[in-house]
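**Student:** Here you go, sequence then predicted model.
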Amino acid sequence: MSSNQVKVLITIPSNLYKLVSRDEDEEELRSFAECIFNPFNRNLSEEELSKLIADVDGCITSWGSPKFTEVVLKNANKLKIIGHAAGSVKPYITDEVFKKGIVVVNAASTIAKSVAEFTLAMILNCLRGIPKYIEAMDKKNWDYKEQKGFTTYDLRGKIIGIIGFGVVAKELVNLLKPFDVNIIVYDPYSEPKEIALHGAKKVELSELLLTSDIISLHAASTPETYHMLGEKEFRLMKSTAYVINTSRGANIDEKALAKALREKWIAGAALDVFEQEPLQSDSPLYKLDNVFLTPHIAGPSDERRSQLFGTIVKDFKRFFSGERPINEVSYEKLKFLA
């Protein structure tokens with residue numbers, strides 16, 4: 001295939017492009033496509049995108065891209081595929097994109113590996129209180145292990161409750177297998193057979209809340225999942241249970257969680273996402289000693305982030321060779337994605 005046959009617009013600003021790509025990925029793209037790069041060290045405006053999109057077969061975006069509005073799509077006379085070198089495409093893709101038959105792919109499967117690893121790390125942190133020991137050693141307090149006021153646990157043999165069974169949850173299940181845990185899943189949109197194929201069991205939310213030692217959230221932010229864990233749900237959990245949230249902040253009622261942690265209805269939590277970000281300085285969560293807070297960093301590590309562009313390039317190569325992309329985002333599943 002000659003480079004004249006396919007034109008690909010890369011809207012990613014140069015500073016971000018350096019972070020999400022590797023030289024070999026650009027070389028692979030150039031092997032089958034003519035590349036048109038964002039000429040600015042910033043994201044394009046709607047007007048700029050609408051001009052550059054003319055006569056382009058494919059478009060690669062990332063964080064901060066302008067939305068593919070009707071104004072943009074009016075000039076997209078040849079556009080066949082959009083690849084998002086990041087996770088969620090919800091802020092950028094409109095219904096009109098799918099109506100026009102444009103294929104959409106993203107790099108969520110690549111990011112999922114990092115999020116799953118981070119989630120596993122936070123599970124272990126909660127069960128063993130590792131950050132507390134590190135903090136104590138920073139203060140040269142060798143005797144903290146005798147002074148601590150909490151119980152530590154092993155991961156092996158525990159019941160892990162997973163809410164939402166998307167790509168991150170599936171990666172986490174794979175990482176948990178060596179620990180001989182029992183995994184239960186609440187996801188009304190996943191079939192029991194699909195969940196069983198991954199060695200887990202589908203259950204109702206009430207059963208998951210009542211029986212889980214660890215509850216890990218991996219659901220998208222939708223009207224259905226807004227504050228899906230609130231006071232009622234926290235009161236159902238074991239007093240020894242931990243809650244991990246690396247999905248979306250709005251899935252948890254933070255005021256109710258703070259109360260549950262303060263009054264010890266549950267043992268603790270680890271939160272990487274919050275309903276309002278940055279987390280407000282007056283949040284009661286800052287004052288609690290049984291919650292670990294991180295500033296929305298569960299996404300790709302620096303190493304993994306550099307592979308995002310390559311994930312899209314590989315799917316573009318498949319698409320323009322007549323194969324089906326691996327990371328296609330369907331319109332039907334869009335509302336269930338993070």
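**Tutor:** The structure has been received and is ready for your questions.

**Student:** what's the distance between Tyr331 and Thr94?
**Tutor:** The gap separating Tyr331 from Thr94 is 11 Å, by Cβ to Cβ, to the nearest Å. All C-beta spots, glycine's among them, are computed from the backbone N, C-alpha and C.

**Student:** The residue nearest to Thr222 when sequence neighbours are not counted: neighbouring residues, count only.
**Tutor:** Excluding the flanking residues, the one nearest Thr222 by Cβ to Cβ, 6 or more residues apart in numbering is Lys335, at 6.3 Å. Using other Cβ atoms under 10 Å, Lys335 has 12 neighbouring residues.

**Student:** So for Lys335, what's the pLDDT?
**Tutor:** With respect to pLDDT, Lys335 scores 70.

**Student:** What of Asn4?
**Tutor:** 58.

**Student:** How about the one 4 residues further on?
**Tutor:** Val8 is assigned a predicted lDDT (pLDDT) of 98.

**Student:** Kindly report the same for His296.
**Tutor:** 98.

**Student:** Mind splitting this protein into its structural domains?
**Tutor:** 7-106+307-334, 110-293 (automatic domain parsing).

**Student:** need the contact list for Ser109.
**Tutor:** Going by Cβ atoms under 8 Å, 6 or more residues apart in numbering, Ser109 touches 167, 311, 326-327.

**Student:** got it, and Lys80?
**Tutor:** Lys80 touches 57-58, 102-103, 319, counting by Cβ under 8 Å, 6+ apart.

**Student:** Can you check which of the domains of the chain gets nearest to Ser301?
**Tutor:** Minimum separation from Ser301 across these (Cβ to Cβ) falls at domain 110-293, 5.2 Å.

**Student:** do you know how far Glu332 is from Gln5?
**Tutor:** With Cβ to Cβ as the criterion, Glu332 and Gln5 are 31 Å apart.

**Student:** which one of these two has more residues nearby?
**Tutor:** Set Glu332 next to Gln5 and count neighbours by other Cβ under 10 Å: Gln5 wins out with 11 against 8.

**Student:** Helices along the stretch 1-150 of the chain, start to end?
**Tutor:** Remark: helices assigned in the stretch 1-150 of the chain by DSSP state H, counting those that start in this stretch are 14-20, 23-30, 46-52, 70-74, 95-99, 108-128, 130-138, 144-147.

**Student:** which residues make contact with the helix or strand following the last one from outside it?
**Tutor:** The C-terminal neighbour of helix 144-147 among helices and strands, as given by DSSP states H and E, is strand 159-163. Contacts to strand 159-163, defined as Cβ under 8 Å, 6+ apart, come from residues 123, 169, 172-173, 176, 181-187, 200, 203, 205, 208-209, 211-219, 228, 251.

**Student:** Okay, and which of the residues you listed map to helices?
**Tutor:** 123, 169, 172-173, 176, 205, 208-209, 211 (DSSP state H).

**Student:** Tell me the one of those residues nearest Phe98?
**Tutor:** Nearest member of these to Phe98, counting by Cβ to Cβ, is Ala169, at 24.9 Å.

**Student:** ok, and the closest non-adjacent residue to that closest one?
**Tutor:** Per Cβ to Cβ, 6+ apart, closest to Ala169 is His218, 4.2 Å.
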